[in-house]
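[1] what would the 3D arrangement of this be:
(2 chains, ligands or ions: 1)
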Amino acid sequence: MSADRERKAAKIRHLLETEGDAVFENTTHVNAGRYETNSHRDDIDELRDAARAIKEDAIERLPELVETVKESVEANGGEVYVADDAADANRYITEVTESKGAETLAKSKSMTTEEIDVNDALADAGVDVTETDLGEFVVQVADEAPSHLVGPAFHKSTEDIAELFNAHFDPDEPFETAEDLTQFARDHVGEKIVDADVGMTGANFVFAESGTVALVTNEGNARKCAVTPDTHVAVAGIEKLIPSVDDFPPFAELIARAAGGQDIATYLSLLSPPVDSPVVDFDEPDEPLDASTDDREFHLVLLDNGRTEMREDDDLRETLYCIRCGACANSCANFQHVGGHAFGGETYTGGIATGWEAGVHGLDSAAEFNDLCTGCSRCVDACPVKIDIPWINTVVRDRINRGADAEFDWLVEGLTPDADPGGVDLQKRLFGNFGTLAKLGSATAPVSNWLADWGPTRAVMERVAGVDRRRDLPEFQRETLVDWFEARDPLPAAGDADREVVLYPDAYTNYVLVDRGKAAVRTLEALGVDVAVAPCHESGRAPLSQGMIATARENAERVADSLDPHLDSGRDVVVVEPSDLAAFRREYEHLLDDDRAERLAEHSYEVMEYVYGLLENGADADLLASGGEVAFHSHCQQRTLDVDVYTEAVFERLGYDVVTSDVECCGMAGSFGYKSEYYELSVDVGETLADQFEAQDVAQRELVASGASCHEQLGSLLPQASTHPVELVAPE
Amino acid sequence: MRTDTIDQFASSLAAADVACTRVEAAEFSAALDDVVDAPAVGVPLGIDGVSLDDTAVELPPTPRLLREAETGVTRVHGIVDHGSFVIQADAAGTEPVSLYPRTHVGVVRASDLHADVEETASWLGEEFDAGRDAAVLATGASATADMGELVHGVHGPQSVHAVVVTDR
Ligand code: SF4
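    This is a model prediction of the structure:
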């Protein structure tokens, strides 16, 4: 393994051991809460559309909103400062504290202040800063970075925190329970708020028209920080601006659901500072509060720090819609296992961190963790503002590739004739060109399989390309699906078909898991469909997952060229591999002309979805194999497309007894689980799935998985082999 | 109609672990004293025929009262579908009185119940235009899970109680 891969693997191994359990517990808890609360409302998608539309419009009008908020805050009696970068913001903030002679500052939770490291700047200016959000307080005491956008201490269990506080504060009675710790921290931090000269908050939203700062918390600390001292500094990225309080409802409904499964946050403060509330001066305990003698000050620091450039960047712009709810982290299987200290950059964590880090800290910070996004797309459904987070990850990966050195290029130039430039990491090139390799492997099978499995070969593959030796490699079949199909006669039933489809054979189905392709053909023909099989061209999924967009675009065009004539003649496209269907339905809009992408997306179906449709339209279910006990793991991207339900419906229709998994992803995710630096994480994620199935006592059940990767992952973790659902229902 | 609304509000409050007392204006003082733990601090309610004058609640607030009071009493508006209070900050100190003591008692006129966030936002829009431009939507007691488990009573109140004045 190369030194860099070994370093990454070691870091992940360490975090899996030290922080993995606490992160898993916390993230899966809030992730389940999100599903639960969302299930009680049927308008979540409309709210998401509304929230998205407001953010799109606000970012479009950003320069105008900045002007508006300057006027409104100044009219209220406050000041607005637009800071170009972190240093500029910190300079302004320390000038404010100096002008007030401030020695103490109480601060509520704010990722934007983490972004600028304001605590360090304030410490240098002699100001004692206390984090008042208890999670931030824990992290401050531990001298660590937050591991999650919403739960900064998600990586620590109650026991970890008790140990930390007992060592740090040396209480008479050691702390044990969450209750003890909360009470202590609340009182300790509460005293700091009472003594603070300045209160600092972030802002979840800023309403330009009224100069209002919206703060969302459950603890009430932001309320206290904002109104207790006479000086309030709020720090917010310029992207937090939205026009007016009228735009608030969808966010109020969504943010706490997305973040943690609450219907609504405990406190949504809408303040238009300087506020009318009287200053509470605890040094004068018996003086009645009197706002008329107060001299309140308010400073709104709007941070640019790369955001204006992000706004002009067609691919990164969406990042600015982010409301920092953390749902993309909670819904991410990799994040659930390893947390933000691996899956995060200098400041931001989780799926969207790639966009934020690339925008505010630069590509290097994003490069460190960007590969942990496998493109499984589970965050796409979770995001309250419908950001295409996987696409942002893909684009940034592509940019990172383009910046890399061309070290091993000569090794793969001939083997992998992709369209991406020199410099793309060899490992990425290898996996990004899976289709080409599979073709070669199949043509030379079984020799290619022997060779691939041969110890010295594996050692070289591991050393040079980071293909982990502990993984079984796909076994290439000499007879491809396309060969088989050409050499056979269609079923008689297909002759008088009134439906015609073209089956898209992905590289796995064509060269490796040929049986699932054959089963798909037999099933469709039995149900009276005339089947054609398209040539096997890589869909672009493999290069996309490596950030090789130019290659993916070339692939997509070739696939579209091969399918267009079939679409012209009215055939539907049936896809076996869910990740390729997801490419057609989701990513091709970025790769092909709009019309072309739209037509293909509209006429493509997952094979079990298509079977469901046939049965619904009168096809004879008795022609298929029925009954039995099944354990079904659907595929991450299939679930995001809401297509998994059709497999379950077909099973139900055919009288199968089905148990299902509900993990977000199997952890294999295409090439991810093969990569030596990620092998252990991949197995850790997969074990959650295996445990879930074992707990459901699946030993006697037929194991079925929709995706090729899931199939491989399950095969390595459970004793029995899995098949594709269509293999189960296919007639003999 | 109004009874329906109050019922719904009460059931949303219950879901947020907030007790609800219904009272007519004439019976307010006695009912409030039953709800309030002394020492208590408050701000004038500004509700016709309803006052804190003959109750155990002390006014005006001082920093010492904020620190030592068991209960803080303020006027609020209500959001029916979430069981939320809308606390409008003012110069009298509604915000700190609703925030510092262990228990917050929110007094709400039945006519100040808003169906949902949408309706609340449009009412608040008018309030903002009229200069009353600070409000907290507060739902239940303050809470945190930052120490690994959900614990109530952090920087805000540990318990919350609603008093609905049904004939106002
Ligand atoms: S990208 Fe979406 S899901 Fe992720 S933190 Fe931002 S708003 Fe939440």
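
[2] distance check, the closest residue to chain A within chain B against A:Glu191.
    Closest residue of chain B to chain A, Cβ to the nearest Cβ: B:Gly156 (2.8 Å). C-beta coordinates here come from the backbone N, C-alpha and C atoms, glycine included. Noted for B:Gly156: a distance of 16 Å to A:Glu191, by Cβ to Cβ, to the nearest Å.

[3] so for these two, which residue has more residues nearby?
    Neighbour comparison, B:Gly156 and A:Glu191: the larger count goes to B:Gly156, with 28 against 13 (by other Cβ atoms under 10 Å in any protein chain shown).

[4] pLDDT score assigned to the more buried one?
    pLDDT for B:Gly156: 95.

[5] looking at chain B, which residue lies furthest from center?
    Distance from the C-alpha centroid of chain B, by Cα atoms, centre = their mean, peaks at B:Gly148 (29.0 Å).

[6] could you find the closest non-adjacent residue to A:His148?
    A:Phe154 (4.2 Å; Cβ to Cβ, 6 or more residues apart in numbering or on different chains).

[7] that neighbour reaches A:His29, doesn't it?
    No. Counting by Cβ atoms under 8 Å, A:Phe154 does not reach A:His29; the two are 9.8 Å apart.

[8] more neighbours: which of these two?
    The neighbour comparison of A:Phe154 against A:His29 (other Cβ under 10 Å) goes to A:Phe154, with 32 against 16.

[9] for the more buried one, which three-state class applies?
    Following DSSP: H, G, I helix; E, B strand; the rest coil, A:Phe154 is assigned to coil.

[10] so how far is the ligand from it?
    Distance, A:Phe154 to the ligand, by Cβ to the nearest ligand atom, to the nearest Å: 14 Å.

[11] confidence score at the residue lying closest to A:Ile400 once chain neighbours are set aside?
    Among residues not flanking A:Ile400 along the chain, A:Ala367 sits closest, at 4.6 Å (Cβ to Cβ, 6+ apart). pLDDT for A:Ala367: 94.

[12] contacts only, for the residue of chain B closest to chain A.
    Residues in contact with B:Gly156 (Cβ atoms under 8 Å, 6 or more residues apart in numbering or on different chains) are A:Glu219, A:Gly220, A:Arg223, A:Thr266, A:Tyr267, B:Leu99, B:His104, B:Ala138, B:Ala141, B:Ser142.

[13] at 6 Å what do you get?
    A:Gly220, B:Leu99, B:Ser142 (Cβ atoms under 6 Å, 6 or more residues apart in numbering or on different chains).

[14] ok, which residues in the stretch 101-250 of chain A are in contact with the ligand?
    Within the stretch 101-250 of chain A, the residues that sit near the ligand (Cβ under 6 Å from any ligand atom) are A:Leu149.

[15] and the helices in chain B, which stretches?
    Secondary structure of chain B (DSSP state H): helices located at B:2-15, B:28-35, B:63-68, B:94-99, B:117-129.

[16] related to what we said a few turns ago, assess the claim that the residue nearest to A:His148 and A:Glu144 are in contact.
    No. The pair A:Phe154 / A:Glu144 is not scored as a contact, 11.5 Å apart, by Cβ atoms under 6 Å.

[17] next, count neighbours for the residue nearest to A:Thr201 when sequence neighbours are not counted.
    Spatial nearest neighbour of A:Thr201, chain neighbours left out: A:Ser108 (4.6 Å); criterion: Cβ to Cβ, 6+ apart. The number of residues packed near A:Ser108 is 27, by other Cβ under 10 Å.

[18] let me see the contact set for A:Ser108.
    A:Thr132, A:Asp133, A:Thr201, A:Asn221, A:Ala222, A:Cys225.

[19] which of the residues you listed fall within strands?
    A:Thr201 (DSSP state E).

[20] now render the contacts of A:Ser108 as TSV, adding pLDDT and neighbour count.
    Shown next, in TSV, are the contacts of A:Ser108 (pLDDT from 0 to 100; neighbours: other Cβ atoms under 10 Å in any protein chain shown):
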residue	pLDDT	neighbour count
A:Thr132	97	31
A:Asp133	96	30
A:Thr201	98	29
A:Asn221	94	32
A:Ala222	94	32
A:Cys225	96	30
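
[21] could I get the contacts of A:Ser108 as CSV with distance to B:Trp123?
    Below are the contacts of A:Ser108 laid out as CSV (distance: Cβ to Cβ, whole Å):
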residue, distance to B:Trp123
A:Thr132, 31
A:Asp133, 30
A:Thr201, 25
A:Asn221, 27
A:Ala222, 23
A:Cys225, 27
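
[22] low-confidence regions, chain B specifically.
    Residue ranges of chain B with pLDDT under 70: B:1-2.

[23] go with 90
    Applying pLDDT under 90 to chain B picks out residues B:1-3, B:148-149.

[24] where do the strands of it begin and end?
    B:19-23, B:40-42, B:57-58, B:71-75, B:77-79, B:84-88, B:103-109, B:113-114, B:135-138, B:143-144, B:151-152, B:159-165.

[25] what's the nearest residue to the residue nearest the centre of chain A if we skip its chain neighbours?
    Nearest residue to the geometric centre of chain A (Cα atoms, centre = their mean): A:Gly351, 3.6 Å. Nearest in space to A:Gly351, with sequence neighbours left out and distances taken as Cβ to Cβ, 6+ apart, is A:Cys328 at 3.6 Å.
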